[in-house]
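Chemist: Here is a sequence together with a model predicted from it:
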Amino acid sequence: MKNLIIYYSRRGQNYVNGSIKHLDRGNAELITEFIKNAVGADVFEVDTVKPYDTDYMVCIEEAKAELRAKARPELKEYLDDISEYDNIFVVGPNWWGIYPMAMYTQLERLDFTGKTVHYIVTHEGSGLGGVPKTIKNACKGAKIGESLAVHGGSAPSSKEQVENWAEKCI
Ligand SMILES: Cc1cc2nc3c(=O)[nH]c(=O)nc-3n(C[C@H](O)[C@H](O)[C@H](O)COP(=O)(O)O)c2cc1C
């Protein structure tokens with residue numbers, strides 16, 4: 001069984017437990033490492049050509065405009081072939097209810113036939129939000145497996161929870 005993690009995570013200013021903090025490593029990035037350590041996996045980072053503003057308040061407006069426009073932002077690198085993998089873990093933050101648009105840019109390019117997709121959403125209160133629906137539409141042919149919502153502020157201490165979850169998935 002071969003595992004792959006596709007993740008998006010934003011370093012820099014973020015909203016944590018009611019105030020704006022600087023994160024050297026994003027929450028979804030930390031969780032990606034926990035999954036990798038638990039079950040072993042190749043890792044692909046979704047990253048946009050056009051960076052989002054480092055200022056949190058500006059970034060949320062940029063993200064809102066992209067959501068409204070159903071934008072599919074250009075990525076620095078694309079993953080085109082996942083044929084060698086059995087389990088795909090998708091990890092990313094809740095931005096206005098669903099994953100950042102860039103995640104969909106990547107997921108919609110792939111053929112998930114015969115693959116199982118497990119996913120984690122980091123958030124500040126909205127939980128999985130609309131991700132269960134959008135991931136099903138974006139991952140063509142996939143069997144959707146387990147899901148987990150992790151509160152961003154608790155991401156650094158979620159190691160055991162995430163490891164147990166990942167082991168259960170495979
Ligand atoms: C543009 C933007 C929009 C966000 N929208 C939401 C939201 O609608 N609901 C929520 O619970 N958290 C929201 N958040 C908070 C993030 O989901 C949360 O901080 C998450 O842990 C970030 O993960 P990351 O550090 O891997 O990027 C938003 C954050 C950003 C930057």
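Modeler: In hand now; what should we look at? Fair warning: this is a prediction, and the values are worked out from it, not measured in the lab. Numbers count the residues shown, from 1 in each chain.

Chemist: Got the phi and psi for L110?
Modeler: Backbone geometry at L110, expressed as degrees, to the nearest 10, gives phi -100, psi 150.

Chemist: my read: it touches G141, true?
Modeler: No: counting by C-beta atoms under 8 Å, L110 stays clear of G141, with 9.0 Å between them. In short, each C-beta sits where N, CA and C put it, glycine included.

Chemist: More neighbours: which of these two?
Modeler: More neighbours surround L110 than the other of L110 and G141, with 21 against 11 (other C-beta atoms under 10 Å).

Chemist: pLDDT at that one, what is it?
Modeler: For L110, the pLDDT comes out at 98.

Chemist: What of the one 10 residues further on?
Modeler: According to the prediction, I120 has pLDDT 98.

Chemist: Helix or strand: which one has it?
Modeler: I120 is part of strand 116-123 when elements are defined by DSSP states H and E.

Chemist: what do you get for E66?
Modeler: Assessed by DSSP H and E, E66 sits inside helix 56-68.

Chemist: in its sheet, what does the following helix or strand past that helix sit against?
Modeler: Note on helix 56-68: by DSSP H and E, the next helix or strand toward the C-terminus is strand 87-93. In the sheet, strand 87-93 lines up against strand 3-7 (parallel), strand 116-123 (parallel) (DSSP bridges).

Chemist: Right, I'll leave it there.
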